[in-house]
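1. Give me coordinates for this.
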Amino acid sequence: MKLFRLTAISIWLVFAGLLCVSQTYQGRILGLVTDPTGAVVPGAQVTVRNVATGVERTLSTNPAGEYVAADLDPGTYAVSIQAAGFRTARADSVVLQVSRDARVNMTLQPGSADQTIEVHAGQPLADTVDSTLNGVLENKAINELPLQGRDFQNLLPLHPGVQRTPGGGFQSITSNGNRPDENNFFIDGAIDNDVYYGESVLNEAGIQGTPASFLPLDAIEEFNTQESPTAEYGEKPGVVMNLGIKSGTNKVHGTGYYFTRNSAVDARNFFDPPPNPVSDLIMHQFGASIGGPIKKDKWFYFLNYEGIRDKVGNPGVYDSPVTVSLTSRANELPSGFAPENYSVVDAIAACQPNCNPLSLELAKLFLPNSGFTLRQSYPAAINFDFDNTNRGDNLIAKTDFHLDEKNVFSARYFYGNSDLIEMDTIPLRPEWRSTTSPTTQVFGASWLWTPNSRWVNEARYSFDSFNEGILPLDHNVDPTKYGLNTGVTNPLLFGMPRINPGTDAFNYMGGNSGWPLATTPSKTENWSDTVS
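-> Model prediction:
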């Protein structure tokens, strides 16, 4: 019987130990309560109150005079401590950050409990609670720092050890030399990793540097990064990025915003010689947020929508056959220069009457290149300048329900959908650009149960979905319409095939040879239970 009891206890300890390790976006307020002589004060009543929501938690100090209020949402708290024979001590402005600890030690003074001592303490210069290298950006800094495209991932390089490839795109974030797919992303403590690319599901890359979705900055309470994190984050050795989403408060708060950029006063690009116009640059980013109480001190909501509409030009030099005759300009051509190797008109004249019918059909696909100049190393088409265009709509909603002091329920949902058309190669026609219409969904729910001042249990469920297929813009065009019998009958593989001329006279015809990318939608479910 004794052996069985020992075995059962051992199994329980192992099981409890496994439950105790879990990542979270929430923080802890902890401290030591003493009297003026330095002796600890056991059994003191500690009340921790969220200033914005009015929600309180009451606990007691243990025989060593210590207390820990775990799993608290980021925000500003008031901490008050009472004990028989002592005045009440209170600290009203304790700032708790995402996934961090705040230590509030109190020294109680003899006196009546109806007397109160205000404790004013600034933020410590050194964190003596946590040895992990952390970096935290609060909502005020996130919104006020210059941020291209309002993509929160562009703020990561402000934190120690994190770099991002200029322009973003797939696999662009590295940490202390680790691979780009070795980072860990969390939203409100729930896993936000895409199992296909190993990136954040929120703001995951679209075709190039444009994100497939945008988490509105106004929805971020703050985010925390950790280098060489503690064991509970596990899984990957790179940076841990933990996003905390705003919650509603007892007061209604909202924002409305509109950001725009255009080319009205832009200087002319080097590759935009007159009479070509300045390349397009039209960017619109707009949205609104609102949060408040459904029932004061009990039930709260937060909503944020953000839309994006933009058009960005791609000026450059693209090698293409000349669509005018060069024979008439023989006196300008260098010695040994063969016009028929570069001019469509001259090539057709040289092969008559035996020109290949398919070649004649394909020759019609080359656009007029009025910017042709012999100053190039070989004839080139200048400034085709096909625009990137982007439409994005993003929405996030969150609710928090405080059933009582011991039970808190929270749920959130993010939906993002966009249409991207981008020039990710050097196409000779606009329909040979690439396109995608990704859909992003992130859902999470949690139940926080605090049965007493010694135990805290948090159960959490999350579901992430990312669906993106990248295709040539002409993917619904049967190749026979180009005059080509490719033998391809699968509509998923339609579009102009990639054709290389076998010479460096001009760029290839057709879209990106890496597409179509028709991946299975990435869907991830996570269940966890944490006992502290």
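
2. Next up, phi/psi of the residue nearest in space to the middle of the chain, please.
-> The chain has N203 as the residue nearest its centroid, 3.3 Å off, counting by Cα atoms, centre = their mean. Main-chain dihedrals, N203, degrees, to the nearest 10: phi 60, psi 30.

3. Now it. Nearest residue, chain neighbours left out?
-> Spatially, and ignoring its direct neighbours in sequence, N203 is nearest to P211 (4.4 Å; Cβ to Cβ, 6 or more residues apart in numbering). Every residue, glycine included, has its C-beta placed from N, CA and C.

4. Isn't the one you found up against G169?
-> No. With contact defined as Cβ atoms under 8 Å, P211 does not count as touching G169 (9.5 Å).

5. Of these two, give the one with the bigger neighbour count.
-> The residue with more neighbours, out of P211 and G169, is P211; 28 against 16, by other Cβ atoms under 10 Å.

6. Residues in a beta bridge with V442, which ones?
-> Following DSSP bridges, V442 is listed with bridge partners F414, D464.

7. burial of P277, as a residue count?
-> For P277, using other Cβ under 10 Å, the count is 12.

8. what about the residue lying farthest from the centre of the chain, which helix or strand?
-> What lies farthest from the middle of the chain is P353; by Cα atoms, centre = their mean that is 59.2 Å. Taking DSSP states H and E as the definition, one finds P353 inside no helix or strand.

9. For the residue nearest to the centre of the chain, list the residues it contacts.
-> N203 makes contact with D151, F152, Q153, P211, A212, S213, F214, L215, according to Cβ atoms under 8 Å, 6 or more residues apart in numbering.

10. And the fourth one, how close does it get to Y196?
-> Counting by Cβ to Cβ, to the nearest Å, the gap between P211 and Y196 amounts to 16 Å.

11. So of the contacts of N203, which two are at opposite extremes in space?
-> Farthest pair in those (Cβ to Cβ) is F152 and A212. Separation: 14.3 Å.

12. so what's the backbone phi/psi at P357?
-> Here P357 shows phi and psi, under degrees, to the nearest 10, equal to phi -60, psi -40.

13. For S247, what is the enclosing helix or strand?
-> Using DSSP H and E, S247 is not contained in any helix or strand.

14. Now it: closest residue in space that isn't a chain neighbour?
-> That would be D400: by Cβ to Cβ, 6+ apart, it lies 5.0 Å from S247.

15. how deep is the one you found tucked in, by neighbour count?
-> Neighbours around D400, by other Cβ under 10 Å: 23.

16. now N407
-> 13.

17. M496 looks like it's in a strand, true?
-> No. The assignment for M496 is coil, going by DSSP: H, G, I helix; E, B strand; the rest coil, so no strand is present there.

18. Could you pull up the residues touching it?
-> Residues near M496 by Cβ under 8 Å, 6+ apart: E431, W432, P472, D474, V477, P479, Y482, L484, M509, G510, G511.

19. ok now do the spatially closest residue to it that is not a sequence neighbour, which residues does it touch?
-> Nearest residue to M496 in three dimensions, chain neighbours excluded: G510, at 4.2 Å (Cβ to Cβ, 6+ apart). By Cβ under 8 Å, 6+ apart, the residues touching G510 are W432, P472, G495, M496, P497, R498, I499.

20. So among those residues, which ones count as buried?
-> W432, P472, G495, M496, P497, R498 (16 or more other Cβ atoms under 10 Å).

21. Find the pair from those with maximum spatial separation.
-> W432 and P497 (10.8 Å).

22. isn't P180 right next to R164, touching?
-> No. With contact defined as Cβ under 8 Å, P180 does not count as touching R164 (9.5 Å).
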